[in-house]
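A.B. asks: when you get a sec, could you give me coordinates for this:
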Amino acid sequence: MSEAEANREALIFYTTAGCHLCDVARQVYQSTLNPEYFQVQEIDIADQDGLIERYGVRIPVIQRCQDGAELNWPFDQQALMDFLA
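C.D. replies: As a prediction, the model looks like this:
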C-alpha cells in the first residue's frame with residue numbers, strides 16, 4: 001500500500017443488488033468524494049445475516065471506519081460533506 005493510499009479516509013458503503021436508492025446514493029458519493037482522499041469499500045448486506053438485520057430497512061448507509069459513525073439515506077452532496085467534515 002502506498003503512502004497516499006494509507007492516508008485516505010476509509011468509508012464503507014452498505015448496499016445490495018437491485019436497490020434503486022443505493023444506485024442514487026452511489027452516484028452522490030462518486031460525484032462528491034475525491035478518490036485521492038477517500039477509499040470507499042462497498043459491502044453487500046445480502047452476504048451476511050447480521051448485516052441484513054442491521055441495515056435491511058436502512059440502506060444505503062455510509063459508515064466512517066475511524067469512528068463507526070453512519071450517514072443514513074436520504075443524503076445529498078452537502079449532507080455527505082457535512083458528515084465527513
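A.B. asks: which strands or helices does the lengthiest helix in the chain pack on?
C.D. replies: As far as residue count goes, and with DSSP state H defining each element, the longest helix of the chain is helix 20-32. If contacts are counted by 3 or more C-beta pairs under 8 Å, 6 or more residues apart in numbering; DSSP states H and E, helix 20-32 sits against strand 9-15, helix 77-84. Where C-beta positions appear, they are placed from N, C-alpha and C, glycine not excepted.
A.B. asks: next secondary structure element downstream of it?
C.D. replies: With elements assigned by DSSP states H and E, the helix or strand that comes after helix 20-32 is strand 38-44.
A.B. asks: ok, the closest residue to Ile45 other than its chain neighbours - contacts?
C.D. replies: In space, not counting the residues next to it along the chain, Ile45 is nearest to Leu51; the distance is 4.0 Å by C-beta to C-beta, 6 or more residues apart in numbering. Residues counted as contacts of Leu51 (C-beta atoms under 8 Å, 6 or more residues apart in numbering) are 14, 43, 45.
A.B. asks: assumed Ile52 was part of a strand.
C.D. replies: No - looking at Ile52 with DSSP: H, G, I helix; E, B strand; the rest coil, it is helix, so not inside a strand.
A.B. asks: and it, what pLDDT?
C.D. replies: Each residue has a pLDDT score; the one for Ile52 is 96.
A.B. asks: please name the nearest non-neighbouring residue to it.
C.D. replies: Counting by C-beta to C-beta, 6+ apart, the nearest residue to Ile52 once its immediate chain neighbours are dropped is Ile45, at 5.4 Å.
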